[in-house]
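[1] pasting the sequence and the predicted model now:
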Amino acid sequence: MGDEALKSEKAPAQLRSWCVEWFGSEGDFLAGGKRQPIPLARLSGLENLYAIGSLEQRSGEVSIFDSVPFISEVWHPTEPIDSNRVYRAEFLVYAIVECWHRTSFWKTVNSEEELAAALLPRAMVDGISLDEPFPFLLYGYAARAAGRFFCDPDPQLGRDLNEKAKSRFSIENESIEIVGFYSINHKGILTPRNSPFHMHLRTMDNRISGHLESVQWDQGFMVELPAKER
């Protein structure tokens, strides 16, 4: 990528036009481990960038859809980027993907297992190795979706106000977009320890963005996977 500061800790060599890279780990972040944060400004010049991660000191989440960043915090579910503020990610997994291959699935999906049953065979058909991490996009009209923001409470607000703070979100019957990463071999690094999926959601009106925990598709959905190199 032309910038030494953007090298991942483990960037597997792959003979294709895209690869997944990352800084830090999901497990270290959740455990409160100290990492050297990465200024998001260093990613601002990259095109076709898709990423998910967490801001330093557990202050919020970052989701990047096609190079457009979204910041989510407990008190500001989707916060516009403030040009006067320096955002730093303590954990970030990302990929640059110029071309995607879109497929429609006209089936009900209510769980990660059902998502895997739909997504993984399609990935293999598209020439993607399931032994290496890969990105994907999901679009559609979700019957339900739920997630949360990994944020520490604000000690200045007091116990009562912090208890009222909503660190979780839920939506019903709404169009959404999801950027996700799959890796069966990087649990606790790129994905939660109990799942090979790590996904972030945004509503199409940009009202909400954040870490996705569950989604229910009753009317099918669209999947985009990195296209084969021509």
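    The structure has been received and is ready for your questions.
[2] from residue 37, how far off is residue 180?
    Counting by C-beta to C-beta, to the nearest Å, the gap from residue 180 to residue 37 is 23 Å. All C-beta atoms are positioned from the backbone trio N, CA, C, and that covers glycine.
[3] more neighbours, these two?
    Applying other C-beta atoms under 10 Å to residue 180 and residue 37 shows that residue 180 carries more neighbours, namely 22 against 19.
[4] how is the protein carved up into domains?
    If the domains of the chain are taken from automatic domain parsing, they occupy 4-96, 100-226, with pieces of a single domain joined by a plus sign.
[5] the protein: strands as residue ranges?
    All strands of the chain, identified by DSSP state E, fall at 20-23, 38-39, 49-55, 61-65, 68-72, 88-96, 100-105, 134-148, 168-182, 197-203, 209-216, 221-226.
[6] name the strands paired with the fourth one and say parallel or antiparallel.
    Its sheet considered, strand 61-65 pairs with strand 49-55 (antiparallel), strand 68-72 (antiparallel) by DSSP bridges.
[7] mind putting the domains of the chain into JSON lines with mean pLDDT?
    Rendered in JSON lines, the data for those read as follows (pLDDT from 0 to 100):
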{"stretch": "domain 4-96", "mean pLDDT": "73"}
{"stretch": "domain 100-226", "mean pLDDT": "88"}
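[8] contact partners for the closest residue to residue 100 other than its chain neighbours?
    The spatial neighbour of residue 100 that comes closest, neighbours along the chain excluded (C-beta to C-beta, 6 or more residues apart in numbering), is residue 224 at 3.9 Å. With contacts defined as C-beta atoms under 8 Å, 6 or more residues apart in numbering, residue 224 is in contact with 100-103, 136-139.
[9] any idea what residue 224 is bridged to?
    On DSSP bridges, the residues paired with residue 224 through beta bridges are residue 102, residue 137.
[10] ok, now how distant is it from residue 50?
    Counting by C-beta to C-beta, the separation of residue 224 from residue 50 is 10 Å.
[11] what is the burial count for the residue lying closest to residue 41 once chain neighbours are set aside?
    Ranked by C-beta to C-beta, 6+ apart and with sequence neighbours excluded, the top spatial neighbour of residue 41 is residue 86, at 7.1 Å. The local packing of residue 86 (other C-beta under 10 Å) involves 10 other residues.
[12] what's the spacing between residue 86 and residue 36?
    Counting by C-beta to C-beta, the gap from residue 86 to residue 36 is 14 Å.
[13] go on, residue 206?
    Taken as C-beta to C-beta, the spacing of residue 206 relative to residue 36 amounts to 30 Å.
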